[in-house]
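Undergrad: Could you work out the structure for the sequence below:
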Amino acid sequence: MEKPHRSHDEATAAMFRADPALAADYLNDVLASGDEVDLMLALRSLSAAFGGVQEIARVAEANPNTMYRTLSEHGNPSIRTLRAILAAMGLRLAVQPLG
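TA: Numbering: from 1, shown residues only. Just a heads-up that it's a prediction; the model follows:
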């Protein structure tokens, strides 16, 4: 009997789907230590765990082509778009005190 194999990306997506708190921790870490490019790439990576960019666009009521551009290395989403993307992933934007 052959063992089913899945890629690292598939396994990571499954972990994020199963544990949204892990996805939130991942984004918080990127926000704390990365830059805007890192954040956009992390959001695009997370989108795979939550149905893909097309599904995120559908739930966020956004144009899929625009969503692909928004989640690119050069994306610059508005706060409204960022909130919609996060909500489509079952997450929300929050502010926390330092320390």
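
Undergrad: Residue 49 against residue 10, yeah?
TA: No - no contact is recorded between residue 49 and residue 10 when judged using CB atoms under 8 Å, the distance being 9.6 Å. Using the backbone N, CA and C atoms, a C-beta is placed for each residue, glycine as well.

Undergrad: And the strands in the protein, which stretches?
TA: Along the chain, counting by DSSP state E, no stretch forms strands.

Undergrad: higher neighbour count, residue 49 and residue 10?
TA: Between residue 49 and residue 10, counted using other CB atoms under 10 Å, residue 49 has the larger neighbour count: 22 against 12.

Undergrad: Contacts only, for that one.
TA: 12, 13, 14, 15, 16, 17, 23, 89 (CB atoms under 8 Å, 6 or more residues apart in numbering).

Undergrad: again with residue 26
TA: Taking CB under 8 Å, 6+ apart as the definition of contact, the neighbours of residue 26 are 16, 42, 46.

Undergrad: Could you check how far the first one is from residue 98?
TA: Look at residue 16 and residue 98: by CB to CB, to the nearest Å, they are 26 Å apart.

Undergrad: Between these two, which is the more surrounded one?
TA: Set side by side, residue 16 and residue 98 give different neighbour counts by other CB under 10 Å, the larger being at residue 16 (20 against 4).

Undergrad: The more buried one is in contact with residue 23, isn't it?
TA: Yes - taking CB under 8 Å as the contact criterion, residue 16 and residue 23 are neighbours in contact, 4.3 Å apart.

Undergrad: Now do the shared contacts for these two.
TA: Common neighbours of residue 16 and residue 23, counting by CB under 8 Å, 6+ apart, are 46, 49.

Undergrad: what's the neighbour count on residue 14?
TA: Every residue meeting other CB under 10 Å relative to residue 14 is counted, giving 12.

Undergrad: how long is stretch 60-73 end to end?
TA: End-to-end span of stretch 60-73 (CA to CA, to the nearest Å): 20 Å.
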